[in-house]
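Peer 1: need a structure here:
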Amino acid sequence: MILDTSFIFAYFNSVDSLHKKARHIFKSSAEEPHFVSFLVYQELLTLMTSRFSSKEAIQLSEILLSEDSGIQLLKMDEEYFEESVALFEELSPHKLSFVDISLLVLAKNLEAKVLTFDERLVRALNA
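Peer 2: All right, here's what the predicted structure looks like:
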């Protein structure tokens, strides 16, 4: 299971309208490995800092990076980057972020499901 920014944000934000749904989905997939890409990690910390504070972003970072989280952080190597750039160009014109495109590549390469509440990304994953 690859976690998208929208999913993680809802999971940790108790006032988010999708918080309970994210908690339920995560709990029901607890037996499967969970991955967060380095780009999603960056995007999430940026979002947390802009919506809340850097202090809360750091707290979330510590949770995600702890061994107890069960989440593996995936860095972007050169091949993954180049494949993402190529797909970004190939799909143009589109309204997907580069992070979303990189998740399409990662999902294909890992043969994994992406947990997201981003409707554009859901449509792209199902295309």
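Peer 1: What ranges does this protein have for its helices?
Peer 2: In the chain, the helices defined using DSSP state H lie at 5-12, 19-28, 38-51, 54-65, 78-90, 98-110, 119-126.
Peer 1: and for the last one, what are the contacting residues?
Peer 2: Pointing back at helix 119-126 there. D4, S6, L91, H94, K95, L96, D100, L103, L104, A107, V114, T116 (CB atoms under 8 Å, 6 or more residues apart in numbering). Every C-beta, even on glycine, is put in place using the N, C-alpha and C of the backbone.
Peer 1: Tabulate these (JSON lines), appending neighbour count.
Peer 2: Formatted as JSON lines, these follow (neighbours: other CB atoms under 10 Å):
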{"residue": "D4", "neighbour count": "24"}
{"residue": "S6", "neighbour count": "23"}
{"residue": "L91", "neighbour count": "14"}
{"residue": "H94", "neighbour count": "13"}
{"residue": "K95", "neighbour count": "8"}
{"residue": "L96", "neighbour count": "19"}
{"residue": "D100", "neighbour count": "25"}
{"residue": "L103", "neighbour count": "28"}
{"residue": "L104", "neighbour count": "20"}
{"residue": "A107", "neighbour count": "18"}
{"residue": "V114", "neighbour count": "22"}
{"residue": "T116", "neighbour count": "22"}
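Peer 1: Determine which two of those residues are furthest apart.
Peer 2: S6 and L91 (19.5 Å; CB to CB).
Peer 1: Ramachandran angles for the most far-flung residue of the chain relative to its centre?
Peer 2: Residue farthest from the centre of the chain, counting by CA atoms, centre = their mean, is P93 at 22.4 Å. When read as degrees, to the nearest 10, the backbone of P93 gives phi -80, psi 140.
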